[in-house]
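>>> Next one to model:
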Amino acid sequence: MKTLQPLSFEEANVDTQAIFTNVKSKIGMVPNLYAAMGVSDKLLGGFLNFSETIKSGEFSSKEYEAIALTTSQVNGCAYCLSAHTALGKMNGFTEEETLELRSISIADQKLNALVSLVREFVESKGHPSEVSTQNFFAAGYSKAAFAELIGAVALTTITNYIFHNGGFEIDFPKAQGIDSLLAV
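Now for the predicted structure:
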């Protein structure tokens, strides 16, 4: 269903227009995802504020992208896989590593513990196994990181669900292996 479609600047209310202007000044564009979220300035503004807060926390930019890639893979979101593949590469991952993160086969043991826990969080609706949780802590992550991981998964799930209910054009280079997701 295509309930949530990107708004043009002119269609947006004054508060959303201000957010669009700010986003465009920072990244040079208003991604279709944000333009679709803009139907509610409260949703878009709150999302961006919470996202900025979480991204300043325990995880590096690479780790945050690993969380977003894994969450988007489990949730089957073609848009977010494309966006976070591009962002992951901008933050130092190779194309191959982005695919390895999505399949929980990355050689880096710390990242593998992270994405394994993310996958379990999403698949189990917030009830990961004791083994994955302990592996996460054994890899060097803290309880603060555990709590922030929940927030990062929730943020990415919001974007996944926006796309699932919009089906709008992907305005990032399309990630590998998403063709079957676009048919949904």
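
>>> how far away is the closest residue to residue 174 other than its chain neighbours from residue 176?
The shortest distance from residue 174 to any non-neighbouring residue, by CB to CB, 6 or more residues apart in numbering, is to residue 82 (5.2 Å). Where C-beta positions appear, they are placed from N, C-alpha and C, glycine not excepted. Applying CB to CB, to the nearest Å, the value for residue 82 to residue 176 is 10 Å.

>>> So for these two, which residue has more residues nearby?
residue 82 (21 against 14; other CB atoms under 10 Å).

>>> who touches the helix or strand containing that one?
Using DSSP states H and E, residue 82 sits within helix 78-90. Residues outside helix 78-90 that contact it (CB atoms under 8 Å, 6 or more residues apart in numbering) are 31-33, 62, 65-66, 68-69, 71-73, 95, 97-98, 101-102, 156, 159-160, 163, 168, 170, 172-176, 178, 181-182.

>>> Helices along this protein, start to end?
Along the chain, counting by DSSP state H, helices occupy 14-27, 32-37, 41-55, 61-75, 78-90, 95-102, 109-123, 130-138, 143-164, 179-182.

>>> buried sites along the shortest one?
Okay, so that is helix 179-182. The neighbour-count check on helix 179-182 (16 or more other CB atoms under 10 Å) flags residue 181 as buried.

>>> for the fifth one, same thing?
Of the residues in helix 78-90, those buried by neighbour count under the rule 16+ other CB under 10 Å are 78, 79, 80, 81, 82, 83, 84, 85, 86, 87, 88.

>>> Could you tell me the model confidence score at the nearest residue to residue 111 once chain neighbours are set aside?
Once flanking residues are discounted, residue 111 sits nearest to residue 66: 5.6 Å by CB to CB, 6+ apart. We have a pLDDT of 98 for residue 66.

>>> hang on, residue 66 packs against residue 100?
No - contact criterion CB atoms under 8 Å: residue 66 and residue 100 do not qualify, at 9.9 Å.
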